[in-house]
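>>> When you get a sec, could you give me coordinates for this:
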Amino acid sequence: MTTTAGGLLVNSEHQVLFGLRAAWKTAWPEHWDAIGGRVEPAESIEDALEREISEEIGVTVTRADPLAVVEHPGPDDGQIIRSHIFAVTAWIGEPQNICDEHTELRWFSIDELAGLENLAGDGYPAIARQAVSLYRTTMR
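Numbering: from 1, shown residues only. Modelled structure (predicted):
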């Protein structure tokens, strides 16, 4: 089993940040996905989330709350991938696409997400709705 950690960054306009996966990616190429990646051996899920977000968009996570754990078959050998999804409601820095994992970053409203045909998982709109709700609760 492969374990991953992904963050849904939520901004003050209640939008969620997604990255458009590069065409060369074996899993979900050219699909919008949470920012994140694999958990390394001996690394906690939370540490992996912080590392991946820092490596991919250059921000430091200061608040992340677990939202969901989703399992799905991997792209190569059918091995199960367990993805831990977090609401990231506070960070330091401005998100920028600083690696080759994504070709674009974009903020989406929940309604915009629900209308995307190339979303890397049909559960994302519901999970993003949870992230926005958590943001509203924690940022009062």
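>>> show me where the chain has strands.
Assigned by DSSP state E, the chain shows strands spanning 2-9, 16-21, 32-33, 35-38, 60-73, 80-92, 102-108.
>>> so where's this protein shaky on pLDDT?
76, 140 (pLDDT under 70).
>>> Return the residues in contact with the spatially most central residue of it.
Centroid check for the chain by C-alpha atoms, centre = their mean gives A34 as the closest residue, at 2.1 Å. Counting by C-beta atoms under 8 Å, 6 or more residues apart in numbering, A34 makes contact with 6-8, 18-19, 83, 85, 120, 124. C-beta here means a position set from N, CA and C on the backbone, and glycine is covered the same way.
>>> doesn't S44 make contact with A5?
No - if you go by C-beta atoms under 8 Å, A5 and S44 don't touch, sitting 9.0 Å apart.
>>> Including distance to R38, could the contacts of A34 go into a markdown table?
A markdown table is the format used below for the contacts of A34 (distance: C-beta to C-beta, whole Å):
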| residue | distance to R38 |
| --- | --- |
| G6 | 11 |
| G7 | 14 |
| L8 | 18 |
| F18 | 18 |
| G19 | 15 |
| S83 | 10 |
| I85 | 14 |
| A120 | 15 |
| Y124 | 19 |
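>>> wait, what's in contact with the spatially closest residue to V132 that is not a sequence neighbour?
Of all residues not flanking V132 in the chain, H14 sits nearest, at 4.9 Å (C-beta to C-beta, 6 or more residues apart in numbering). Applying C-beta under 8 Å, 6+ apart, we find H14 in contact with 109-110, 132, 135-136.
>>> returning to that earlier point: let me have the strands of the chain in CSV, adding mean neighbour count as columns.
Below are the strands of the chain laid out as CSV (neighbours: other C-beta atoms under 10 Å):
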stretch, mean neighbour count
strand 2-9, 23
strand 16-21, 23
strand 32-33, 22
strand 35-38, 21
strand 60-73, 15
strand 80-92, 19
strand 102-108, 16
